[in-house]
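>>> no sequence for this one, just the structure:
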């Protein structure tokens, strides 16, 4: 009998499973520390790994050598879901940084409603975000905007006080889930809001640090076995010091601190800290504690019925191990709550001003972005977030109360003399841009068209690449025509920092499509007053698909065209920026010894992740 050969071709799977350390090697083979995560399967993934947006380059800077690149498509590696976790195999190190970085990037894609374009033009070369697992010898890891790369260090554990680590043993920052996520978040934040690296007030750099910790800590809850183990160990009270709420445990112990690097908890909320603390990591920890206070409140609300059922209504759990089914259900609720908060925290980015971020701005963005998708707040996410911020003295400026409706950004009028003309969405070039962006989102995968689409879709953090684009010309012209209504100074050049459509699905299944555009201006005449930084103004515009402007989130430059109240706020921001520069100078031991050239650029020179992360 003649056999008929089938012409059926199996489509590649959408997801790729890869093994990682859920925490870091210090946790060893404990239950839940060695996990398999799933990430988008890049069918054109090359050795490195090198995909569409990320490229692992394993160059050891201390020894001037390259390590052989792992090929994750090699059949034997594919069959076992990637290499087994190993401290000694550089190929696993490459796999670890790629897998965790991709997982982090996917969380941002989902929350923001669009795939983020991580490619940048560096020295006239289109470059992916590069990850160097063994870039340097030292207790450090950092994102370098100049070369668009994340550099991971390695070092020897403290010999006198190494904690559970081997005294003098090798510690690789590229094997810490938390450090990878933290640095990846820095790279993404810089992509979304590049001026958030300019220290124009005491919250800016602290926001960078705190937000990166928030993403790393919330991602802990995606590891099912780890969450279940901690639920059982803490008897549902995950506020107890455990792996879920501790940041970079191995790094902290290895550097002789005798504890984790940082924690999501504060012993007792102290509102005075927000007015006195200036060190970026410690100040960022205030933001982390506020968000996790909200997380714990929501988590307790969501498991209350399970505890009532399990205890016959008493609320008092019996002695001994909890029933596995109860642990599983509570762990599911914890993971679901963390993912919801993670998405909420990321989604707020589109509702932030493009410059001079404060923690209060972030709270208002959190509340507004969440309200847009979820007007009915079933589990009290927004109220929990507001309370967490209030307990730590984080009070937004220019609001009359902490009621939810008072914290929402003010909507732009859609009619009358103050109404802003709609964005020019009917222009053929913008129609084409929106359609191409829609096509990219609907494909759910990246193709060879990606580079062509990126030219139009989003140049956040890399607007120079798009200066010649018709889209940027149209948006810039629209902004100049409507400068006064957008709180922009018509006499100053207006720069388009970024623009993109976003696509989000509401709980009722409806699709929310919005257009986001960012504009910025600067006044370089006052750089001397601000330690080398210009005085910046900027506006984020959020519009409906038909171009109707819904929100104008502005921090303007001084201008007689803006209303008196905004002029007062602008003057106050200028005074506060000068005071912040003076406060930083007073704490800088090298300030009296600076040369004239260094003095003139001192605040710009302080914009350095490498020095900020010295000792992480």
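Arrived safely. Just so we're clear, the structure is a prediction, and the values are computed from it rather than from any experiment.

>>> domain ranges for this protein?
Listed by automatic domain parsing, the domain ranges of the chain are 50-175, 199-409, 412-602.

>>> which residues of the stretch 401-550 of the chain fall in helices?
With DSSP state H, counting those that start in this stretch, the ranges of helices along the stretch 401-550 of the chain come out as 404-407, 428-443, 450-454, 470-481.

>>> got it, and the stretch 101-250 of the chain?
Counting by DSSP H, counting those that start in this stretch, the helices of the stretch 101-250 of the chain are 177-192, 204-219, 224-234, 249-254.

>>> helices and strands around the last one, which ones?
Spelled out, it's helix 249-254. In this structure, helix 249-254 makes packing contacts with strand 170-172, judged by 3 or more C-beta pairs under 8 Å, 6 or more residues apart in numbering; DSSP states H and E. Heads up, the C-betas are built off the backbone N, CA and C, glycines and all.

>>> residue contacts, the spatially most central residue of the chain?
Residue closest to the average C-alpha location in the chain (C-alpha atoms, centre = their mean): residue 185, at 4.2 Å. Residue 185 sits next to 104, 211-212, 215-216 when contact means C-beta atoms under 8 Å, 6 or more residues apart in numbering.

>>> for residue 131, same thing?
54-57, 97-98, 101, 149-150, 152.

>>> distance from stretch 233-248 to the middle of the chain?
Mean-position distance between stretch 233-248 and its chain equals 22 Å (C-alpha atoms, centre = their mean, to the nearest Å).

>>> circling back: now a PyMOL select for only the buried ones of the contacts of residue 131.
Typed into PyMOL, the line below selects the buried ones among these, using 16 or more other C-beta atoms under 10 Å:
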select buried, resi 54+55+56+57+97+98+101+149+150+152
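
>>> need the contacts of residue 131 in JSON lines (columns: pLDDT and distance to residue 477).
Below are these laid out as JSON lines (pLDDT from 0 to 100; distance: C-beta to C-beta, whole Å):
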{"residue": "54", "pLDDT": "97", "distance to residue 477": "35"}
{"residue": "55", "pLDDT": "97", "distance to residue 477": "37"}
{"residue": "56", "pLDDT": "98", "distance to residue 477": "42"}
{"residue": "57", "pLDDT": "97", "distance to residue 477": "41"}
{"residue": "97", "pLDDT": "98", "distance to residue 477": "43"}
{"residue": "98", "pLDDT": "98", "distance to residue 477": "42"}
{"residue": "101", "pLDDT": "98", "distance to residue 477": "38"}
{"residue": "149", "pLDDT": "96", "distance to residue 477": "35"}
{"residue": "150", "pLDDT": "97", "distance to residue 477": "37"}
{"residue": "152", "pLDDT": "97", "distance to residue 477": "44"}
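
>>> now, which of the contacts of residue 131 sits nearest residue 379?
residue 101 (30.6 Å; C-beta to C-beta).

>>> where among the helices of the stretch 401-550 of the chain is the average confidence lowest?
Of all the helices of the stretch 401-550 of the chain, mean pLDDT reaches its minimum on helix 450-454 (a mean of 35).

>>> SS state for the nearest residue to residue 249 once chain neighbours are set aside?
In space, and not counting its chain neighbours, residue 249 is closest to residue 260: 4.4 Å by C-beta to C-beta, 6 or more residues apart in numbering. Under the three-state scheme (DSSP: H, G, I helix; E, B strand; the rest coil), residue 260 adopts coil.

>>> so for residue 260, what's the pLDDT?
84.

>>> distance check, it against residue 26.
10 Å (C-beta to C-beta, to the nearest Å).

>>> between those two, point out the one with more neighbours.
residue 26 (24 against 19; other C-beta atoms under 10 Å).

>>> just checking, the more buried one touches residue 166?
No. Counting by C-beta atoms under 8 Å, residue 26 sits too far from residue 166 to count as a contact (9.7 Å).

>>> check contacts around the residue nearest to residue 522 when sequence neighbours are not counted.
Among residues not flanking residue 522 along the chain, residue 534 sits closest, at 4.0 Å (C-beta to C-beta, 6+ apart). By C-beta under 8 Å, 6+ apart, residue 534 lies in contact with 522-524, 526-527.

>>> with respect to pLDDT, which of these ranks lowest?
Comparing these by pLDDT, residue 526 comes last, at 85.

>>> just to check, it is in contact with residue 535?
Yes. Using C-beta under 8 Å, residue 526 is in contact with residue 535, at 4.9 Å.

>>> what do those two both touch?
Shared contacts of residue 526 and residue 535, counting by C-beta under 8 Å, 6+ apart, come down to residue 574.

>>> so for these two, which residue has more residues nearby?
residue 535 (23 against 15).

>>> now the more buried one: how far from residue 395?
24 Å.

>>> repeat for residue 167
47 Å.

>>> equivalent analysis for residue 268, please.
19 Å.

>>> and the two? Which one has more around it.
Per other C-beta under 10 Å, whichever of residue 268 and residue 395 has more neighbours is residue 395, with 14 against 5.

>>> which helix or strand contains the more buried one?
Assigned by DSSP states H and E, residue 395 falls within no helix or strand.

>>> for the nearest residue to it once chain neighbours are set aside, what are its contacts?
Sequence neighbours aside, residue 360 is the residue nearest to residue 395 in space, at 6.4 Å (criterion: C-beta to C-beta, 6+ apart). Shown in contact with residue 360 (C-beta under 8 Å, 6+ apart): 394-397.
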